[in-house]
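Undergrad: sequence-free structure coming up:
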């Protein structure tokens, strides 16, 4: 008689997080994005973190930007049809992330955390006032600065996760979609040609 053993699939806890690539695109200056040198991860990272109870992903991304960088930002939603246009009493549209990721987070003895996963909502954001003074959260980061496309390309592999670099460079190509005009959403038509979320490479985004 053949006895079949059931395979036990080990699952990890999953935390909801949100991340924002803050982009400064002005005609008179090189395009750039804001990164922080993450104390625990020892990598350049965009601002992001865990969702609080009853918080929407876009609210988390906006709050984390303010807490970690001091910047007030607009969260940019990807283009989508409003299915509640004639039935506002039924609900409303949420801002659509640039991409969504399931990230493998290693155990942290320092934080007393076991290995887990982040379900990360990744947004684009723009500063409401680009002249606003930056105010780094020293609990989370050691340094904060703006990076141009060339700066990111030149970062050594030990200082940035591959997929963080890939997404940052991809975002710089979105200028042709009039990302930071008066519109508050971007077209997803052409950028889907290089959608990086199909990559199997795990990456850590939100702290």
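TA: Okay, I see it. Predicted model, so just to flag it, every value in this text is computed and none were measured. Numbering: from 1, shown residues only.
Undergrad: which neighbouring elements make contact with the strand or helix carrying residue 151?
TA: Using DSSP states H and E, residue 151 falls within helix 149-154. Helix 149-154 sits against helix 162-172, with contacts defined as 3 or more Cβ pairs under 8 Å, 6 or more residues apart in numbering; DSSP states H and E. C-betas here are computed from N, CA, C, even on glycine.
Undergrad: output the below-cut-off pLDDT ranges for this structure.
TA: Scanning the chain for pLDDT under 70 picks out the ranges 1-10, 27-28, 174-207.
Undergrad: what residues sit buried inside the lengthiest helix in it?
TA: Using DSSP state H, we find that the single longest helix of the chain is helix 57-69. Buried positions in helix 57-69, judged by neighbour count with 16 or more other Cβ atoms under 10 Å: 57-65, 68-69.
Undergrad: that older thread, how far off centre is the helix holding residue 151?
TA: Counting by Cα atoms, centre = their mean, to the nearest Å, helix 149-154 is centred 18 Å from the centre of its parent chain.
Undergrad: what lies in contact with stretch 22-37?
TA: Contact with stretch 22-37 is made by 21, 43-47, 65, 68-69, 71, 73, 124-127, 130, 134, 136, 140-149, 151-152, 168, 171-172, 175, 179-180, as judged by Cβ atoms under 8 Å, 6 or more residues apart in numbering.
Undergrad: how about that stretch: buried residues?
TA: 22-25, 31-37.
Undergrad: now the two most distant members of those.
TA: Using Cβ to Cβ, the buried residues of stretch 22-37 span at most 23.0 Å, a distance reached by 25 and 37.
Undergrad: give me the distance between the residue nearest the centre of the chain and residue 77.
TA: Closest to where the C-alpha atoms of the chain average out (Cα atoms, centre = their mean) is residue 19, at 2.8 Å. Separation of residue 19 from residue 77 (Cβ to Cβ, to the nearest Å) stands at 14 Å.
Undergrad: which SS state does residue 132 fall under?
TA: Here residue 132 is recorded as coil under DSSP: H, G, I helix; E, B strand; the rest coil.
Undergrad: give the helix, strand or coil label for the closest residue to it other than its chain neighbours.
TA: Nearest residue to residue 132 in three dimensions, chain neighbours excluded: residue 71, at 5.8 Å (Cβ to Cβ, 6 or more residues apart in numbering). For residue 71, the assignment made with three-state DSSP gives coil.
Undergrad: that concludes my questions; thank you for your assistance.
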